[in-house]
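Undergrad: sequence? don't have it. structure:
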Ligand code: MG
């Protein structure tokens, strides 16, 4: 048994209702994004707000808070039990720190802001969103100050998404990768080894044919349809409802088939994490991925490291050719370059492996200034354009191509973006280890024989759930904390090698 200590067992009896509530909330969110009729949104958001308040109330009961405090420094606990206490302690600390009035105000403001953000983006009118962004910045500063931090206000926010992450750590990471990425990018562009565009980006596909491709490839990767679903939503996502019920979505835009293909593979990586968590952790506070960054490392590993490799492209070529007629006009090499175009562009979600993290660097810098109280919404919008031009040499003509492109700030999610870069860095770190530990890694990919790869990830990452904090997990599994050098090695060998 993993949970033996009588006090932990008692505690878990009290937290099971939190798990059940979260289970229900997850089904509701999945439904909201997939099958709910549009007009259902009003009742659904009120119901969700009520359940969120109930969750907070149930978490902050004495029956939960007291034993967590007592058990905090208990030497008799095993690692799993310590994990339970750590995870609960974090949630309790944050929920207790925030006055309910502020929580409600943030929820209300972001709820109101969402449609204005969308309208502002659609009509390219920043002024529609501007007052909301100003208010959100102010409220998030307040929240960060209530949560508390040691060095920088932004640390309080980073830590919510990536336990233990600080502004200093993110800076150190970007200081290392930025000049090196730019060097790789300059050479890729000047030598023209990877194209910036490909004519397949304009080619239309039949949705049913592409559904077959996505399903077939998911099967090859090892997605168990008896424990998972594939549906359609406006923005692709993964949701772990239970350890045997993990659902992903994709979208079909009708042309440029790599977009739906790679978003499906990306979400598979997220799903596999949840599907391979140790079943003995079921219904406990550690039965989920440990952080957003580690979660993203799993999706990026499958999407980019495996999915965009030559071995994988070769292996899936017959599947593509059998289902998509137009593939017959293209060889494997051409497909590889279509999947791996490199182009400095304005839109983060369309960015390639080389330029992606520069988009995150921009957001990181702006968020730090917002949290220091130096930038109001208007400044953010203006600085955005100068900064992206400096980083990538492209300048937005509209706010929609600039500051309005992401949904995150309208939701109050400040401190979230850096976890995307952590995902990219950790994916490369895992790659450097897996190819050493599984000698025939490339042959496994070429043969679409992924069981050993899945098992490797299960042992190193997945099965632990949230038992260890992110950097400790990496240290235990790979002998060191996050190290950005692997990502640069990966880029250099793939794009310059
Ligand atoms: Mg993701």
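TA: Cool, got the structure. These figures come from a predicted structure and were not determined experimentally.
Undergrad: From the contact counts, what lies against whatever helix or strand residue 300 lives in?
TA: Assigned by DSSP states H and E, residue 300 belongs to helix 292-300. Applying 3 or more CB pairs under 8 Å, 6 or more residues apart in numbering; DSSP states H and E, we find helix 292-300 packed against helix 258-275, helix 418-437, helix 470-478. Just so you know, the C-beta spots here come from the backbone N, C-alpha and C atoms, and that holds for glycine as well.
Undergrad: relative orientation of the first one and helix 292-300 in degrees?
TA: When you say that, I think you mean helix 258-275. Here helix 258-275 runs at 120 degrees with respect to helix 292-300, directions being taken by axes from the mean of the first three to the mean of the last three CA atoms, to 10 degrees.
Undergrad: hmm, back to that, using TSV, please lay out the helices and strands packed on helix 292-300 together with distance to residue 184 and mean neighbour count.
TA: Putting the helices and strands packed on helix 292-300 into TSV (distance: least, CB to CB, whole Å; neighbours: other CB atoms under 10 Å) gives the following:
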stretch	distance to residue 184	mean neighbour count
helix 258-275	20	24
helix 418-437	13	22
helix 470-478	24	19
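Undergrad: Throw those into JSON lines and include mean pLDDT, thanks.
TA: Conversion of the helices and strands packed on helix 292-300 to JSON lines gives the following (pLDDT from 0 to 100):
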{"stretch": "helix 258-275", "mean pLDDT": "98"}
{"stretch": "helix 418-437", "mean pLDDT": "98"}
{"stretch": "helix 470-478", "mean pLDDT": "98"}
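Undergrad: on that earlier part again, what sits up against the helix holding residue 300?
TA: Helix 292-300 is contacted from outside by 161-162, 165, 238, 266-270, 272-273, 289, 416, 418-420, 422-427, 429-430, 457, 461-462, 470, 473, using CB atoms under 8 Å, 6 or more residues apart in numbering.
Undergrad: gap between the residue most central in space within the chain and residue 261?
TA: What sits nearest the mean C-alpha location of the chain, by CA atoms, centre = their mean, is residue 296, with 4.2 Å. Look at residue 296 and residue 261: by CB to CB, to the nearest Å, they are 19 Å apart.
Undergrad: And residue 302, by the same measure?
TA: Taking CB to CB, one finds residue 302 at 12 Å from residue 261.
Undergrad: And residue 297, by the same measure?
TA: Distance from residue 297 to residue 261, by CB to CB: 20 Å.
Undergrad: And for residue 347?
TA: 18 Å.
Undergrad: now do residue 315
TA: Distance from residue 315 to residue 261, counting by CB to CB: 13 Å.
Undergrad: Tell me where the stretch 151-300 of the chain has strands.
TA: 228-232, 238-242, 245-250 (DSSP state E, counting those that start in this stretch).
Undergrad: Excluding chain neighbours, what is closest to residue 287?
TA: Excluding its sequence neighbours, the residue lying closest to residue 287 (CB to CB, 6 or more residues apart in numbering) is residue 281, at 4.3 Å.
Undergrad: Taking their axis directions, the helix holding residue 300 and helix 418-437 sit at what angle?
TA: Inter-element angle recorded for helix 292-300 and helix 418-437: 60 degrees (by the same axes, to 10 degrees).
Undergrad: buried sites along the helix or strand just after helix 292-300?
TA: As assigned by DSSP H and E, the chain's next helix or strand after helix 292-300 is helix 310-323. Using 16 or more other CB atoms under 10 Å as the test for burial, helix 310-323 gives 310-313, 315-317, 319-320, 323.
Undergrad: so where do the helices sit in the stretch 351-497 of the chain?
TA: Listed in chain order, the helices of the stretch 351-497 of the chain (DSSP state H, counting those that start in this stretch) span 356-371, 377-392, 418-437, 441-446, 451-460, 470-478, 485-491.
Undergrad: do you know how far the residue nearest to residue 163 when sequence neighbours are not counted is from residue 294?
TA: Closest residue in space to residue 163, ignoring its immediate chain neighbours: residue 469 at 4.9 Å, by CB to CB, 6+ apart. As judged by CB to CB, residue 469 and residue 294 stand 10 Å apart.
Undergrad: And for residue 269?
TA: Look at residue 269 and residue 294: by CB to CB, they are 11 Å apart.
Undergrad: Pretty sure residue 267 sits against residue 249.
TA: Yes: counting by CB atoms under 8 Å, residue 267 does reach residue 249; the two are 6.9 Å apart.
Undergrad: overlap in contacts of the two?
TA: Here residue 267 and residue 249 share the contacting residues 236-238, scored by CB under 8 Å, 6+ apart.
Undergrad: Now flag whichever of those is closest to residue 144.
TA: Ranked by distance to residue 144 (CB to CB), the shared contacts of residue 267 and residue 249 are led by residue 237 at 26.2 Å.
Undergrad: which ones are touching the closest one?
TA: Residue 237 neighbours (CB under 8 Å, 6+ apart): 33, 248-249, 267.
Undergrad: now with 10 Å?
TA: 29-30, 33-34, 247-250, 263, 267, 270 (CB atoms under 10 Å, 6 or more residues apart in numbering).
Undergrad: State the pair within these that is farthest apart.
TA: 29 and 263 (18.4 Å).
Undergrad: Can you list the low-confidence ranges for the chain?
TA: For the chain, not a single residue meets the criterion pLDDT under 70.
Undergrad: Contact partners for the residue nearest to residue 98 when sequence neighbours are not counted?
TA: With sequence-adjacent residues excluded and distances taken as CB to CB, 6+ apart, residue 98 is closest to residue 146, at 5.4 Å. When contacts are counted by CB under 10 Å, 6+ apart, residue 146 touches 94, 96-99, 102-103, 156.
Undergrad: separation between residue 146 and residue 101?
TA: Using CB to CB, one obtains 11 Å as the distance from residue 146 to residue 101.
Undergrad: again, but for residue 67
TA: The spacing between residue 67 and residue 101, counted by CB to CB, is 28 Å.
Undergrad: Likewise for residue 403?
TA: Separation of residue 403 from residue 101 (CB to CB) stands at 29 Å.
Undergrad: Neighbour count for these two, which is higher?
TA: Set residue 403 next to residue 101 and count neighbours by other CB atoms under 10 Å: residue 403 wins out with 28 against 8.
Undergrad: pretty sure the more buried one is touching residue 366, no?
TA: Yes: using CB atoms under 10 Å, residue 403 is in contact with residue 366, at 8.4 Å.
Undergrad: who touches both of the two?
TA: Contacts common to residue 403 and residue 366, judged by CB under 10 Å, 6+ apart, are 380-381, 383-384, 409.
Undergrad: quick one: which of these has the most company?
TA: For the shared contacts of residue 403 and residue 366, the largest number of neighbours (other CB under 10 Å) sits with residue 409, at 27 neighbours.
Undergrad: Next, the contact list for that residue, please.
TA: By CB under 10 Å, 6+ apart, the contact set of residue 409 is 110, 113, 117, 129, 132-133, 136-137, 140, 363, 366-367, 370, 377, 380, 403, 416-417.
Undergrad: who touches both of residue 269 and residue 294?
TA: Counting by CB under 10 Å, 6+ apart, the shared contacts of residue 269 and residue 294 are residue 423.
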